[in-house]
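> Predicted structure and sequence below. I'll ask about it afterward.
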Amino acid sequence: MKAAVYYETGGPEVFRYEDIADPEVYPGGVLIEVEAISIEGGDTLNRAGGELATHPHVVGYQCAGTIREVGDGVEDRFVGQRVVASMLWGSHAELAVTPAVVTWPIPDGADLVKCACVPVAYGTAHDCLFEFGHLARGETVLIQAGAGGVGVAAIQLAKRAGATVLATASSDDRLERLKPLGLDHGINYSDPDWVANVRALTEGRGVDLVVDSVGGKVLQGSVACLCYRGRAITVGSAGRDPQPFDVSVLGMSNQSLTGVFLGAEIGTERAQQMITGLVDDVGAGRLEVIVDRTFPLADAAEAHAYLESRQAVGRVVLVP
């Protein structure tokens, strides 16, 4: 099969488009003929400096396609079924193998490319807002990196839950594109006074919840945006401006900071049902997936570079 591989970590230029051996199905697993690959933030971080679990390494932990083969013991998936799947690595290829338990059927008639973008981003957003963020109707939430995959999902989910939604992005143009999703107030975080702008929009009170997928210096600003007893969620740090966080700042206002990692929950019955519902919502048009740009798998280097340029709104997708 063809795959986008690399032999060493680094910039997008490390990718090579090569023939490698087909993966083999194993007991409890399924072999998927890949039709769409959602590039996740973790994919770019792994390519830039993560572990090379295989050699050459095929990065990527989310894709959608059609099941070609099922392993022993798999009874709830079948050959020819369309699914979206997560995996530890291996999505940037024509074929991928993964445990059946981390696959979700794509509803009949649903857009496969959009469904390919759901489990990680939408599942993470849902957990950040509700399972760990305890967002309630009438509260105010700030979503950092609102134009990213988790951000686009979180804006819609928070608005649907009856919250007032604030979000940041790197340009006014990107913020404008988020308003149809339910964004109430956009904050351009290229403005050094963005924290003051958030507090001004809340009449000085601050927000009840922040979902921060950036980390580093931005996380400090996120906490400064919280109201008394506010909650901050840190998730999937983008790796920009890394620096230690002084937890003592939380105490004076009885605030909390929680780390979230969907991967630790994804195999649970709760998370399985939650993601199933999100895939169904996207398939039925109740939630929107924005696909900013699609690239051929052979152009994985260009696709990764585009995603890292922070121009995209929503997802960047590869198609074998």
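Here it is on my side, so go on.
> what number of residues lie near residue 293?
15 (other Cβ atoms under 10 Å). Bear in mind the C-beta positions are built from the backbone N, C-alpha and C, glycine included.
> contacting residues around residue 160?
Counting by Cβ atoms under 8 Å, 6 or more residues apart in numbering, residue 160 touches residue 182.
> could you redo the last one with a cut-off of 10 Å?
Applying Cβ atoms under 10 Å, 6 or more residues apart in numbering, we find residue 160 in contact with 182, 281, 286, 287.
> give me the beta-bridge partners of residue 188?
residue 169 (DSSP bridges).
> which residues sit in contact with residue 302?
Counting by Cβ under 10 Å, 6+ apart, residue 302 has contacts 12, 13, 15, 293, 295, 296, 316.
> helix, strand or coil for it?
Under DSSP: H, G, I helix; E, B strand; the rest coil, the three-state class of residue 302 is helix.
> tell me the pLDDT at it?
pLDDT, residue 302: 98.
> repeat for residue 190
If you check residue 190, the pLDDT there is 89.
> List the contacts of it.
Each residue near residue 190 by Cβ under 10 Å, 6+ apart is listed here: 168, 169, 170, 171, 172.
> Okay, now the unreliable bits of the protein?
Along the chain, segments meeting pLDDT under 70 span 238-240.
> Would you map the helices across it?
Along the chain, counting by DSSP state H, helices occupy 41-49, 112-115, 119-126, 149-160, 172-176, 194-201, 217-224, 269-284, 300-308.
> TSV please, covering those helices and showing distance to residue 24.
Formatted as TSV, the helices of the chain follow (distance: least, Cβ to Cβ, whole Å):
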stretch	distance to residue 24
helix 41-49	23
helix 112-115	24
helix 119-126	24
helix 149-160	30
helix 172-176	42
helix 194-201	50
helix 217-224	42
helix 269-284	25
helix 300-308	23
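> right, and the pair among the contacts of residue 302 with maximum separation?
Farthest-apart pair in these is 13 and 293; separation 18.9 Å (Cβ to Cβ).
> got a list of what the residue positioned nearest the centre of the chain touches?
Nearest to the mean C-alpha position of the chain, by Cα atoms, centre = their mean, lies residue 121 at 2.8 Å. Residue 121 is in contact with 38, 40-41, 62, 148-154, 213, 236, 262, 278, 289, 314-315, counting by Cβ under 10 Å, 6+ apart.
> give me the number of residues near the residue lying closest to it once chain neighbours are set aside?
In space, and not counting its chain neighbours, residue 121 is closest to residue 149: 3.6 Å by Cβ to Cβ, 6 or more residues apart in numbering. Residue 149 has 30 neighbouring residues, counting by other Cβ under 10 Å.
> Just the endpoints, please. Distance across stretch 234-241?
For stretch 234-241, the first-to-last residue distance is 15 Å (Cα to Cα, to the nearest Å).
> Also stretch 109-128?
End-to-end distance for stretch 109-128, by Cα to Cα: 29 Å.
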